[in-house]
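# My questions concern the predicted model and sequence given below.
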Amino acid sequence: MATNTRRAVSVLLPAYNERENLIELIPEIDGVLSEAGLDFEIVVVDDGSTDGTRTAMASVDSERVRAIRLRRNSGKSEALRVGLTEVDADIVVLMDADGQDDPQELPNLLARLDEGDVDLVSGRRSVRHDRFIKRNTSKVYNAVTSKATGIEGRDFNSGLKAMRGELAKSLELYGELHRYIPVLAVWAGFAVTEIDVEHHERRHGKSKFGRSRFWRGFLDLITVKFLTTYTARPFHLFGGIGIATGFAGAALLVWMAVLWIGGHEIGDRPALLAGVLLVVVGVQMVSLGLMSELLVFLRRRRTLEADFDEVR
């Protein structure tokens with residue numbers, strides 16, 4: 001259950017086998033925020049660690065630190081989702097537990113948030129201390145994400161973020177959607193920005209993300225693009241694809257008809273089969289789009305009826 005005590009700042013750290021890093025990191029965060037005179041809590045979400053993180057967290061003697069343990073490793077998005085349901089604060093800070101994010105940057109993030117014109121401040125790692133492959137694939141990922149979503153940003157997947165509690169409560173994270181928190185925030189109507197922050201080499205242990213993180217990230221980009229662009233108008237996507245596909249198929253069939261009228265044999269031509277297939281797929285995509293629109297309409301009508309009944 002979420003805590004009933006409302007704190008000014010909640011620092012949320014998802015952690016998987018980061019015991020050594022947490023032992024060093026928690027006192028540093030405590031010191032920085034205490035020096036800033038803030039009312040805060042540090043919440044560690046132990047994502048099914050097997051390295052003694054549970055024992056280490058149990059030995060922490062501080063009312064400002066609490067731990068939430070997941071029974072098995074469920075991934076960063078799930079750990080963040082659970083953590084966000086357990087915190088109740090005016091400001092929520094997300095921070096990686098590997099020690100690469102600098103606690104000294106927390107006051108800078110909070111100061112930018114206090115200016116009042118944005119709801120989320122993301123730490124932009126201007127100088128990254130990661131492997132060459134990771135650095136450069138991240139550049140490609142960030143460029144593609146910015147282009148596909150129309151949102152300005154150079155470090156969408158930075159683990160260091162500060163956001164208002166209202167935004168934190170609105171996030172629905174699953175799969176690998178933690179990579180796209182700024183995109184989800186903008187989609188929900190919040191304002192986001194980035195500021196440069198210090199980035200360090202990992203203190204202890206090794207990264208928990210393998211090569212699969214790259215292709216999974218781009219698949220999730222497709223998911224985010226669909227959710228943020230076509231949720232309310234799915235026919236624009238499916239219908240558009242269906243019309244384009246059907247038009248291409250019809251063009252091939254018209255070509256085959258002209259040849260047939262001209263006395264040519266078309267029964268064994270691949271273009272005939274391709275034309276029929278494209279037309280069938282086009283009809284199916286248009287039908288899928290119309291059914292999706294019907295589902296959206298029915299959902300909206302139920303929501304409006306529920307709102308009307310509540311007001312009445």
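All right, it came through fine.
# can you give me the helices for the stretch 201-312 of the chain?
Per DSSP state H, counting those that start in this stretch, the stretch 201-312 of the chain has helices spanning 212-229, 234-261, 270-311. These are given in chain order.
# Could you tell me the least trusted of those helices?
Sorting those by mean pLDDT places helix 212-229 lowest, at a mean of 75.
# Tabulate the helices of the stretch 201-312 of the chain (JSON lines), appending distance to residue 118.
Every C-beta, even on glycine, is put in place using the N, C-alpha and C of the backbone. Output for the helices of the stretch 201-312 of the chain, formatted as JSON lines (distance: least, CB to CB, whole Å):
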{"stretch": "helix 212-229", "distance to residue 118": "19"}
{"stretch": "helix 234-261", "distance to residue 118": "30"}
{"stretch": "helix 270-311", "distance to residue 118": "29"}
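# need those helices in JSON lines with mean neighbour count, can you?
Output for the helices of the stretch 201-312 of the chain, formatted as JSON lines (neighbours: other CB atoms under 10 Å):
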{"stretch": "helix 212-229", "mean neighbour count": "15"}
{"stretch": "helix 234-261", "mean neighbour count": "16"}
{"stretch": "helix 270-311", "mean neighbour count": "14"}
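# Go through those and name the closest to residue 124.
Nearest of the helices of the stretch 201-312 of the chain to residue 124, taken as CB to CB: helix 212-229 at 17.7 Å.
# Could you list every helix and strand in contact with that closest one?
helix 132-149, helix 181-187 (3 or more CB pairs under 8 Å, 6 or more residues apart in numbering; DSSP states H and E).
# Quick one: residues contacting residue 163.
91, 92, 93, 94, 113, 119, 120, 121, 185, 190 (CB atoms under 8 Å, 6 or more residues apart in numbering).
# could you redo the last one with a cut-off of 7 Å?
Residue 163 is in contact with 92, 119, 120, counting by CB atoms under 7 Å, 6 or more residues apart in numbering.
# Run through the bridge partners of the last one.
Residue 120 has the following beta-bridge partners by DSSP bridges: residue 163, residue 192.
# pLDDT wise, what is it at?
Note for residue 120: predicted pLDDT of 96.
# Verify the contact between it and residue 192 for me.
Yes: the criterion here is CB atoms under 7 Å, and residue 120 meets it with residue 192 at 4.3 Å.
# Give me the below-cutoff pLDDT ranges for this protein.
Counting by pLDDT under 70, the chain has low-confidence residues at 1-7, 132, 208-215, 303-312.
# Please state the backbone phi and psi of residue 38?
Main-chain torsions, residue 38, degrees, to the nearest 10: phi -100, psi 150.
# Hmm, I typed the wrong one, I wanted residue 50.
phi -120, psi 10.
# Just give me the neighbour total for it.
For residue 50, the neighbour count with other CB atoms under 10 Å is 11.
# wait, what's in contact with it?
residue 17.
# if we can go back for a sec, residues shared between the contacts of residue 120 and residue 192?
With CB under 7 Å, 6+ apart as the test, residue 120 and residue 192 both reach 182, 185.
# all strands in the stretch 1-150 of the chain, in order from the N-terminus.
Here the stretch 1-150 of the chain has its strands, by DSSP state E, counting those that start in this stretch, at 7-15, 40-47, 65-70, 89-94, 120-125.
# Kindly state which of these is positioned closest to residue 248.
Here strand 120-125 is closest among these (CB to CB), at 41.6 Å.
# Would you mind getting the angle between that closest one and strand 89-94?
Strand 120-125 and strand 89-94 are oriented at 20 degrees to each other (axes from the mean of the first three to the mean of the last three CA atoms, to 10 degrees).
# how close does the closest residue to residue 283 other than its chain neighbours get to residue 253?
In this structure, residue 283 finds its nearest non-sequential neighbour in residue 246, 6.5 Å apart by CB to CB, 6 or more residues apart in numbering. Distance, residue 246 to residue 253, using CB to CB, to the nearest Å: 10 Å.
# Overlap of the contact sets of the two?
Joint contacts of residue 246 and residue 253 (CB under 7 Å, 6+ apart) are residue 279.
# Domains in this structure, by residue range?
According to automatic domain parsing, the chain comprises the domains 7-229, 234-311.
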